[in-house]
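K.L.:
Predicted coordinates and the sequence they were generated for:
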Amino acid sequence: MARFLDRAQSMSAIGSIRLAARGALRSFRDPTQTLPGGARSIVIHSSTDIQLIYVNTFAFFYAFCQTKRNGGHTSCWAHSLRARLRCPSVAAGKGILAADETTPTLTKRFDTLGIQSTEQSRRTYREMLFSCPGAAEFISGVIMYDETIRQKGSDGTPLAEALTARGIVPGIKVDTGAKPLASSPNETVTEGLDGLRDRLREYHGMGARFAKWRAVIHVTDTLPSAAGVSANAHALARYASLCQEQELVPIVEPEVLMDGSHTIERCEEVTGAVLHAVFHALFEQGVALEGILLKPNMVIAGKECTRQASVEEVAAATLACLRRHAPAAVPGIVFLSGGQHARLATAHLNAINRLASSKPWKVSFSYGRALQDPALEAWNGRDENLAVGQQAFYQRASLNGAASVGKCTDEMESASLSGDDPLHRRDWRDD
Ligand code: 13P
């Protein structure tokens, strides 16, 4: 509620009325729905809440008249308004922890350190991150994997519930992975649409309030193909639309991979084309951009490219690309780290936020490896290391929190123990 009010209050008065009106209309048509800012599940904390409910009551009549004029057609704005109720990461200085590695991927990471991967050890590891003292100051949401959202912590509380109690919004990865594209086997298309509505409903019942779907785009001189880009964009948009229907905020993640020897210019070209296709598909599927988060890659040279761009070049190219292709209606852009070293991922985010060009969205992080790797190593599968694991996680979370408002300094980074990049980590991949 507090978040919703922050957002609602930052809108113009007319905008607020229009949004509330259309939300009210949806509630009117479906009596099981909650009025935005009012009615069923809202706790009134302040007189501002009461004013908002009053506005909604007025807005209902406005919406009714508008809809009559539209021939009974409701717009996607109601979805947007509702999706925003639990939109993580838009708060300044905060970002999202991606802890949604599949079991095979997390097992591979455990293997490189000689940690046994069992349901219990994976739970202990995730609980260590989720319960890290002080981390909620910088982490507003956590993306979980199916196994994790069903697990209980050591005190018997479901992990999603424990996160919510700490003020962290639980989220869930809902795609079922990237599979070879039939017409172009060197590319992938992400699957998981079958049965998605029911799974979203179930996850919502378990406390999830946002979701994630990752499309994977491979880069060579000739890839991605037009078919690969459009298949992935279409699936992302179908997923996002279903999420908004089920009142989960969709994180839309089209990842242009860092694998390969392509230049930063090629990455910029491909990232621009992919974002263009994704936003076109989102438009076609009626997705309310006000109720999504975009999770893109940064514009960066391939890992094998002989010329690696400077931090300033990456920041400038990334922001230029996003300003061209990400509409201002999107409330937040939360980058993936994609295999960048932890410190470099922080430096890039910091540099982007320091650029003078205007940014119509909040720009923050939704890192997996760049937040977790130092913590995983510090923990190393041992109970006696849980506190140092949390310390390493806290450091990366706080540095990225500072970078999300352009306030991370070299002194802060060098004072931290976390973020070095040992060789064994270079092959850790995400799924
Ligand atoms: P990385 O930051 O490790 O790329 O992971 C983010 C993520 O969620 C990938 O889907």
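P.N.:
Right, received. Where do you want to start?
K.L.:
Would you pull up the residue in this structure closest to the ligand?
P.N.:
Gly368 (2.7 Å; C-beta to the nearest ligand atom). For every residue, glycine as well, the C-beta is placed using N, CA and C.
K.L.:
Name all residues that make contact with Ala237.
P.N.:
278, 281-282, 284-285, 287 (C-beta atoms under 8 Å, 6 or more residues apart in numbering).
K.L.:
From those residues, list just the buried residues.
P.N.:
Neighbour counting with 16 or more other C-beta atoms under 10 Å marks 278, 281-282, 285, 287 as buried within these.
K.L.:
how about the helices in the stretch 101-250 of the chain?
P.N.:
103-112, 119-130, 146-149, 159-165, 196-205, 226-245 (DSSP state H, counting those that start in this stretch).
K.L.:
And the second one, how far out from the chain middle?
P.N.:
Right, helix 119-130. Helix 119-130 sits 21 Å away from the centroid of its parent chain (C-alpha atoms, centre = their mean, to the nearest Å).
K.L.:
got it, and the fifth one?
P.N.:
For helix 196-205, the distance from its own C-alpha centre to the chain's C-alpha centre is 18 Å (C-alpha atoms, centre = their mean).
K.L.:
Give me the pLDDT value at Glu247.
P.N.:
Per-residue confidence (pLDDT) for Glu247: 96.
K.L.:
An error on my part: the question was meant for Arg324.
P.N.:
Arg324 is given a pLDDT of 98.
K.L.:
before we move on, which element is it in?
P.N.:
Under the criterion of DSSP states H and E, Arg324 resides in helix 311-325.
K.L.:
near the ligand at all, whatever helix or strand comes next after that helix?
P.N.:
Counting by DSSP H and E, the next helix or strand C-terminal to helix 311-325 is strand 332-335. No. Residues of strand 332-335 contacting the ligand under C-beta under 6 Å from any ligand atom: none, with a closest distance of 7.9 Å.
K.L.:
Which elements pack onto strand 332-335?
P.N.:
strand 293-294, helix 342-354, strand 362-367 (3 or more C-beta pairs under 8 Å, 6 or more residues apart in numbering; DSSP states H and E).
K.L.:
6 Å instead?
P.N.:
With contacts taken as 3 or more C-beta pairs under 6 Å, 6 or more residues apart in numbering; DSSP states H and E, strand 332-335 sits against strand 293-294, strand 362-367.
K.L.:
Would you map the strands across the stretch 151-300 of the chain?
P.N.:
For the stretch 151-300 of the chain, strands defined by DSSP state E, counting those that start in this stretch occupy the ranges 169-173, 178-181, 184-190, 210-217, 249-256, 293-294.
K.L.:
now those in CSV, with distance to the ligand and mean neighbour count?
P.N.:
Output for the strands of the stretch 151-300 of the chain, formatted as CSV (distance: least, C-beta to the nearest ligand atom, whole Å; neighbours: other C-beta atoms under 10 Å):
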stretch, distance to the ligand, mean neighbour count
strand 169-173, 7, 27
strand 178-181, 10, 15
strand 184-190, 10, 18
strand 210-217, 4, 25
strand 249-256, 6, 27
strand 293-294, 12, 27
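K.L.:
Next, format these as JSON lines and append distance to Glu202.
P.N.:
Formatted as JSON lines, the strands of the stretch 151-300 of the chain follow (distance: least, C-beta to C-beta, whole Å):
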{"stretch": "strand 169-173", "distance to Glu202": "10"}
{"stretch": "strand 178-181", "distance to Glu202": "23"}
{"stretch": "strand 184-190", "distance to Glu202": "20"}
{"stretch": "strand 210-217", "distance to Glu202": "12"}
{"stretch": "strand 249-256", "distance to Glu202": "16"}
{"stretch": "strand 293-294", "distance to Glu202": "22"}
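K.L.:
wait, which of those is closest to Trp379?
P.N.:
Among the strands of the stretch 151-300 of the chain, the nearest to Trp379 by C-beta to C-beta is strand 169-173 (21.7 Å).
K.L.:
neighbouring strands for the closest one, and are they parallel or not?
P.N.:
strand 139-144 (parallel), strand 210-217 (parallel) (DSSP bridges).
K.L.:
Enumerate the residues of the stretch 201-350 of the chain near the ligand.
P.N.:
214, 253, 336-338.
K.L.:
Same list (the residues you listed) but as JSON lines, adding pLDDT.
P.N.:
Putting those into JSON lines (pLDDT from 0 to 100) gives the following:
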{"residue": "Arg214", "pLDDT": "98"}
{"residue": "Glu253", "pLDDT": "99"}
{"residue": "Leu336", "pLDDT": "98"}
{"residue": "Ser337", "pLDDT": "98"}
{"residue": "Gly338", "pLDDT": "98"}
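K.L.:
what's around the closest residue to the residue of the chain closest to the ligand other than its chain neighbours, how many residues?
P.N.:
Sequence neighbours aside, Ala98 is the residue nearest to Gly368 in space, at 3.8 Å (criterion: C-beta to C-beta, 6 or more residues apart in numbering). Neighbourhood size, Ala98 [other C-beta atoms under 10 Å]: 30.
K.L.:
Please apply the same query to Glu269.
P.N.:
Neighbours of Glu269 using other C-beta under 10 Å come to 16.
K.L.:
And it, what's its pLDDT?
P.N.:
Reported pLDDT for Glu269: 98.
K.L.:
and if you look at Val334?
P.N.:
98.
K.L.:
what separates it from Lys407, distance-wise?
P.N.:
Distance of Val334 to Lys407, computed by C-beta to C-beta, to the nearest Å: 17 Å.
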